[in-house]
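Novice: Quick one: sequence plus predicted model below, questions after.
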Amino acid sequence: MNKVYCCFPGGKHKALTMSYDDGKVQDRRLIDIFNRNGIKGTFHLNSGLFGDGKRVDPSEIPTLYAGHEVACHTVTHPTIARCPLPEAVHEVLEDRRALEAWTGYPVRGLSYPNGSVSKEIEQMLPLCGIRYSRVVGSSDSFALPENLYRWQATCHHNHRLLELGDEFLGLFKKQYLYLMYVWGHSYEFDDKDNWDLIETFCEKMGHKDDIWYCTNIEFVDCMEQFRQLQFAADNSFVYNPTAADAWIRVNDGEPIRIPGGELVRL
């Protein structure tokens, strides 16, 4: 029987994603650094807080964040676990509605404002069209998330960033999938005067042949695409019922692309 492994796009076994909150004007500089190094990020915005002079202008959203992901951070950034549940629903849905009007695509991600989450909020999010949400803190791990609604990053950028980056670059065992996930706030680079940290990290990590650079939602969708593949009982063929390509590796061979809507003999 064939031994099948899930792969990231292109047959890669490592993925890097970045996640930044609040939509402050420092996002402009951060995105320029990402773009120069081929790195993708997810930017969590509060649609009700624009116009304070500290945040980007909504008119910038379609161009500034092009090639990256815009995701929710609630309308007004409350500590939502302390709020009535209908208020939390309103904060998420209205943020989606506003951000989708600016981006022109479905907004399906969230990061919890102030890291605030409860079991009831976690259960509510799928009903609001949210596919994942990030908590705060650092896991110091490259493992894939087990619960997408309590998704913890590998590290904040002020926590062992370069050390963990070097460790990630050295991973080579292709029988595993690895994810490095970095989070923070772009204004923190001004506060700590350490833009050189993220510059060094992105120059070190960018444009690597064995790394897939993705947004948070692209990672989620990739995992979902693999789960939707329909394999024969003996893994001799596979049908992809979705419109998107999926990637697998069979018997330690070369990566195989499974085109959307096609059946492939293995």
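Specialist: On my side now, so go ahead.
Novice: switch to C-alpha atoms for all contacts and neighbour counts from now on
Specialist: Noted.
Novice: and the longest helix for the chain?
Specialist: helix 85-103 (DSSP state H).
Novice: Show me what it is packed up against.
Specialist: Helices and strands touching helix 85-103, by 3 or more Cα pairs under 8 Å, 6 or more residues apart in numbering; DSSP states H and E, are helix 61-64, strand 69-72, helix 119-124.
Novice: among those, which is the most enclosed?
Specialist: Mean neighbour count, computed with mean count of other Cα atoms under 10 Å, is highest for strand 69-72 among the helices and strands packed on helix 85-103, reaching a mean of 29.
Novice: contact partners of that strand?
Specialist: 41-46, 92, 95-96, 99, 103, 107-111, 215-217 (Cα atoms under 8 Å, 6 or more residues apart in numbering).
Novice: and the residue nearest to residue 9 when sequence neighbours are not counted, what are its bridge partners?
Specialist: Closest residue in space to residue 9, ignoring its immediate chain neighbours: residue 247 at 5.8 Å, by Cα to Cα, 6 or more residues apart in numbering. Assessed by DSSP bridges, residue 247 has beta-bridge partners residue 7, residue 257.
Novice: Please work out how many residues are found near residue 247.
Specialist: Residue 247 has 20 neighbours, counted by other Cα atoms under 10 Å.
Novice: Touching, it and residue 258? I think so.
Specialist: Yes. At 5.9 Å, residue 247 counts as touching residue 258 under the criterion of Cα atoms under 8 Å.
Novice: what's the spacing between the longest helix of the chain and its chain's center?
Specialist: 19 Å (Cα atoms, centre = their mean, to the nearest Å).
Novice: I'd like the next helix or strand past that helix.
Specialist: Counting by DSSP states H and E, the element after helix 85-103 in chain order, helix or strand, is strand 109-111.
Novice: Need the residues that contact that following strand.
Specialist: 21, 44, 71-74, 130-135, 216-217.
Novice: quick revisit: looking at the helices and strands packed on helix 85-103, which is closest to residue 2?
Specialist: strand 69-72 (36.2 Å; Cα to Cα).
Novice: Put the alpha carbons of that closest one into PDB.
Specialist: Presented in PDB, the C-alpha positions along strand 69-72 are these (Å, rounded to 0.1, in the frame of the first residue of the first chain):
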ATOM      1  CA  GLU A  69      -4.100  38.900   4.300                       C
ATOM      2  CA  VAL A  70      -6.300  41.300   6.000                       C
ATOM      3  CA  ALA A  71      -8.100  39.800   9.000                       C
ATOM      4  CA  CYS A  72     -10.300  40.800  11.900                       C
END
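Novice: Which of the helices or strands spans residue 141?
Specialist: Here residue 141 is assigned to no helix or strand, by DSSP H and E.
Novice: State the number of residues packed around it.
Specialist: 17.
Novice: now what about the longest helix of the chain, what contacts it?
Specialist: Residues outside helix 85-103 that contact it (Cα under 8 Å, 6+ apart) are 45-48, 58-59, 61-62, 70-76, 80-81, 106-108, 120-121, 124, 128.
Novice: and if you look at stretch 185-201?
Specialist: Residues contacting stretch 185-201 (Cα under 8 Å, 6+ apart): 20-22, 24-27, 30, 33, 157, 161-162, 165.
Novice: Contact partners for the most centrally placed residue in the chain?
Specialist: In the chain, the residue lying closest to the centroid (Cα atoms, centre = their mean) is residue 216, at 1.2 Å. By Cα under 8 Å, 6+ apart, residue 216 lies in contact with 17, 18, 19, 41, 42, 69, 109.
Novice: mind redoing it with 7 Å?
Specialist: When contacts are counted by Cα atoms under 7 Å, 6 or more residues apart in numbering, residue 216 touches 17, 42.
Novice: same thing with residue 150?
Specialist: 133, 134, 135.
Novice: just checking, what packs against whatever helix or strand the last one lives in?
Specialist: Think residue 135. If you go by DSSP H and E, residue 135 is part of strand 132-138. Here strand 132-138 touches strand 109-111, strand 151-153, strand 155-156, going by 3 or more Cα pairs under 7 Å, 6 or more residues apart in numbering; DSSP states H and E.
Novice: In TSV: those strands, plus distance to residue 235.
Specialist: Shown next, in TSV, are the helices and strands packed on strand 132-138 (distance: least, Cα to Cα, whole Å):
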stretch	distance to residue 235
strand 109-111	33
strand 151-153	31
strand 155-156	37
